[in-house]
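Peer 1: Here you go, sequence then predicted model.
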Amino acid sequence: MTTQSIAAPARSRRRPAERRNLPRLRTVVLAGSAYVIGLVFLLPYIEMVITALRPAGEIKDRDYLPHHFDFSNFTNIWSTGLGTNLSVSLEIAVGSTALVLLVAIPAAYYTARRDFRGKKVFLLLVLITQMFQPTAMIVGIYREFLTFNMIDSVWALILVNAGFNMAFAVWILNAYFGAIPKEIEEAAVVDGCSRIGAMFRVIIPLAMPGIVTALIFTFIAAWNEFIVALTLISSLNKQPLTVKTSDYIGQYSTDWQHLFAGSVIATIPVIILFALIEGKVVSGLTSGSVK
Amino acid sequence: MALTACSSSGSKSSGSSSSGNVTLKLLAPDYGTPGGPDSSQKYWQGIVDDFHKANPTITVQVQIVAWTNWDQVATQLQNKQYPDILLGDAPQELAASNLLYPLTDVMSASTISNLIPVFAKQEETDGVAYGAPFTTSSRALFYNKKLFAAAKIASPPKTWADIQTDAAKIKALGNGTIGYGLPLGPEEAQAEAYLWMLGNGGGYVDSSGKYDINSANNIETFNFLTSMVKAGDTEPSPATVNRTKDIWAGFADGTVGMAGGSGALIPSITKAGKLTKDDYGVVTMPGKTGPLTQALAVHDDITAFKSGGHAAQIKQFLDFAYADKYQIQFDNEYSLLPATTSASQSLSASDPVAAGFLATVPNAVVYPTNSNWDTLKSKIQQTIGTAAQGTDPSKVLGALQTFATANN
Amino acid sequence: MTQTTHAGVRGSAPDPGGAPRRPRRKGGLVRALAPLPWIGPATGLILFVVIWPVIAMFQTSREHYSSLGVLVGSAGWNNFTRLFDEADLGGVVVRTVVWVVAVVGATVLISLGVAQLFNKEFPGRRFARWALIAPWAASVVMTSIIFKWMLDPNNGVVYVLLKQLGLVKNFNTNDTNWLGDPTTAFWCAVFVAVFVSIPFTTYALLAGLQAVPSDVYEAAKLDGANPLRTYWSVTLPLLRPALLVAALINVMNVFNSFPIIWELSGGGPGSQSATTTIFMYQLKQSSIGEAAAMSVVNFGFIIVIVLLFLRASKWNSAED
């Protein structure tokens, strides 16, 4: 597809006679290949939705679509208390996101604006944190929260998710704040704002795309986190959706239709959220990655 | 104030409300679906509530962990979070770490004498029992009568050769049928492997109880399994295929012709709704030259931890929970078998399928009781399947033998 | 938590004699502590949530636990000796390298193309971009389970299609055994890993593309460079920072990736499709200490990768 998109304009320039037709052809080719790629990325999730709608008796049928769709799979799992799990997931995701922004914004702002002893150490620490994932040290995490008597606590999950996702937020925001000219801030200070006031009234609004990007990344990571929740949470009413749906992979059989119905419910909010801010993610990453 | 309240009610409701109350923690796996109507949470909560009514000063907290999440328990133990009562694996390893009460401290003599002897014997370390069997099952060969009829096979297999020819015929039916379902994946490879080793006079230990995993007989057994796999008489990759979710589910769906199973397979068959009671049969597992003379029986055990210091209360609770009523309730719910003689007798009288399995129990073969068996078992589960799927059996079994003797 | 914070930061910033930036003079200690309110909470969170468990892992790697998780005693370096004696370890390490290189390489190459395409104007671009978001938004665990389901040897939809095309003869046979055979299972896992890595990478590169000023292209056009040449000598160099960041994040994610291989094959048969992260979980079943030793070795790999990255991006000189 790379060659298509690049070769098309090339031809149009060399043969002016065809210029009028080609842009349209080029658009068709571009759009066509983009749609195909989009479809490829959707296919597994389409299969997920179809399986979620299969009647129990048709789960193992070797066909593309069931003979009829069974919407009761969704109502069934809802009646097993999925609402509670949904709100736990929401608590964890919102809590971790809030905590990340709360600690990452000041840190990123300060490191972008000031020089101080230990700045390199701090940024290196952040970079290294970015490299670690909870999967690799699950035993250590369990031991720690046991020490603090925080096993089976939603707060523990909020802390872990915030801790492991903060690094990315600091990096994105650091680049963002760094790209905002100092003069703008100084002008605000001259106008009578305090340093903190300038940060809130001028800097944060300017850095909004970066903040939204950091927010979305943290939210999604926390929403989808599985291993730590599986290890730390034992009460059924404190399980987030990811752990709850995995319970449908039972000892004796897997309730595929319920497993996927739960997954659809768990995935839809994130997709909507993502779609809403799709444009911002690009601009948010722009500053972060180009620095 | 608290003091007066205490002394005034002291004679009445069995002692002080503040210091006499004991909470026991019970940790058990879910034999049903977590959160579902058959969840073991309901079973235990029922017992615990009944018990609390009879013994108001003792509260039992139930924590149920899904089998699929059973790793949680190891993590808890590793971090010294001990329950008072654990339903799970054999007691030897925990006993070796000096964590458990001897059974006589936490169960009355009459309850102990009611435990089925072949299993009770398994709980011992140096002649002292540190646990009690709670639920048991024994293995036999399930076969699909519909597929047998379609493949024109007259009678169920008695020997390995029978299995091989029958499996080939069933596979030839096409449409994705599997002749013999061979689950040598991590879930329970040690059981399936054991069933086959037994059929050739082998096993994990020799007659003196020493590990003998890479014996000539065992190697021959896996060479035979490899030939079955190569010929397509089984599913293609036994080393990654698990017992319940893959093979049992496949049997319940009618795609697997033969599979080793226990009573626990029956609810899956009922739930899938593809096979009726008359569509499948259960026979003794075939060996190389004829049916096994001893069935493989397995059990899950109750152990009691010393850390809480509540031996007396645990004893009260366990004596209560081992009543026939609860034993049979458990077996009816999950199609497993009781661990006590009296419950077995009454279940045999009422349930012919269970009676068939129970008949094999007194003479059953069980897993080794060597103190490192649990560690070795994990290693077997992870690796033994490769010996039937292309890796040289003498290599795989040799590595297991080395592991078994080096980590003693 | 707060206390850890203060200790940590004070330790790293003992600066009584630094040059004053503000006209108002302050005591050395006060100045050294000035960053605290800003970076203190972040440092505290890192120390508490990330560094503490790392230390706990190191401790565990020197301890001997029974398979049920009971601490038996100190193990010295036994866990490491046993780990290095594992016959499977060599293959696992090599496979891990192949895994990271193959997944990240394919991801970056494909994403470069997709980003180029999605950067062009065409009707419905928004919808196409939305579709690309799906694997990013869905949890990797879920996506892996879906792929496992689509490759189910009994009724996987992929095999249903291949059967219609005549490429698969029968279900539950070697034809439908992609996840049971170690080689095909590994490459299926690579495919899924690329699949879930492309969205983020594409977006990062899209961001990089949009930051390229259009006058650069105008200049290239005036110079008479053809599009391929323009891409090679103008676009790619300008994309380098975005590429580097995206590649690093991918390397880390892919190296640490657990759910994909775990769900698809469990690392099996045996450990024949396991990477070091999966191998660690397999070891955890029989020996937590040995698994912790594997984690420590993994950390070693991570540190090496970080150092390589710092070198590649000249992080030290870039930070003023």
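Peer 2: Yep, it's here.
Peer 1: what about the residue in the stretch 51-200 of chain C that chain B sits nearest to, how many neighbours?
Peer 2: Residue nearest to chain B within the stretch 51-200 of chain C (Cβ to the nearest Cβ): C:Gly180, separated by 2.5 Å. The way it works is simple: take the backbone N, C-alpha and C, and place the C-beta from them, glycine included. By other Cβ atoms under 10 Å in any protein chain shown, the residues close to C:Gly180 number 24.
Peer 1: Is it in a helix, a strand, or coil?
Peer 2: coil (DSSP: H, G, I helix; E, B strand; the rest coil).
Peer 1: Do you know the pLDDT at it?
Peer 2: If you check C:Gly180, the pLDDT there is 91.
Peer 1: can you give me phi and psi for it?
Peer 2: phi -90, psi -30 (degrees, to the nearest 10).
Peer 1: if I pick the residue lying closest to it once chain neighbours are set aside, what's in contact with it?
Peer 2: Nearest non-adjacent residue to C:Gly180, counting by Cβ to Cβ, 6 or more residues apart in numbering or on different chains: B:Ser237, 2.5 Å away. The contact partners of B:Ser237, taken as Cβ atoms under 8 Å, 6 or more residues apart in numbering or on different chains, are B:Gln389, C:Asn177, C:Leu179, C:Gly180, C:Asp181, C:Pro269.
Peer 1: Which pLDDT value does the model give the second one?
Peer 2: What it means is C:Asn177. On the pLDDT scale, C:Asn177 gets 90.
Peer 1: so it touches B:Pro238, yeah?
Peer 2: No: with contacts counted by Cβ atoms under 8 Å, C:Asn177 stays clear of B:Pro238, the gap being 10.8 Å.
Peer 1: Tell me how many other residues crowd B:Lys152.
Peer 2: A count of nearby residues for B:Lys152, using other Cβ under 10 Å, gives 7.
Peer 1: do you know how far the closest residue in space to C:Gly289 that isn't next to it in sequence is from chain A?
Peer 2: Excluding the flanking residues, the one nearest C:Gly289 by Cβ to Cβ, 6+ apart is C:Asn79, at 4.1 Å. Per Cβ to the nearest Cβ, to the nearest Å, C:Asn79 is found 12 Å from chain A.
Peer 1: quick check, C:Asn79 in a strand?
Peer 2: No: using three-state DSSP, the assignment for C:Asn79 is helix, not a strand.
Peer 1: Report the separation between it and C:Ser286.
Peer 2: In this view, C:Asn79 and C:Ser286 are 12 Å apart by Cβ to Cβ, to the nearest Å.
Peer 1: Quick check: phi and psi at C:Thr275.
Peer 2: Main-chain torsions, C:Thr275, degrees, to the nearest 10: phi -100, psi 180.
Peer 1: can you pull the contacts of it?
Peer 2: Residues near C:Thr275 by Cβ under 8 Å, 6+ apart: C:Val92, C:Arg95, C:Thr96, C:Trp99, C:Phe255, C:Ser257, C:Ile261, C:Gly267.
Peer 1: Apart from its neighbours in sequence, what residue is nearest it?
Peer 2: The spatially closest residue to C:Thr275, leaving aside those adjacent along the chain, is C:Thr96, at 4.3 Å (Cβ to Cβ, 6+ apart).
Peer 1: Look up phi and psi at the one you found.
Peer 2: Torsion angles, degrees, to the nearest 10, at C:Thr96: phi -60, psi -40.
Peer 1: My read is that it contacts C:Phe255, right?
Peer 2: Yes: at 7.2 Å, C:Thr96 counts as touching C:Phe255 under the criterion of Cβ under 8 Å.
Peer 1: Which neighbours do these two have in common?
Peer 2: Common contact partners of C:Thr96 and C:Phe255 (Cβ under 8 Å, 6+ apart): C:Thr275, C:Thr277, C:Phe301.
Peer 1: Below-threshold pLDDT in chain B: ranges please.
Peer 2: By pLDDT under 70, the low-scoring segments of chain B are B:1-19, B:35, B:407-408.
Peer 1: Sounds good, over and out.
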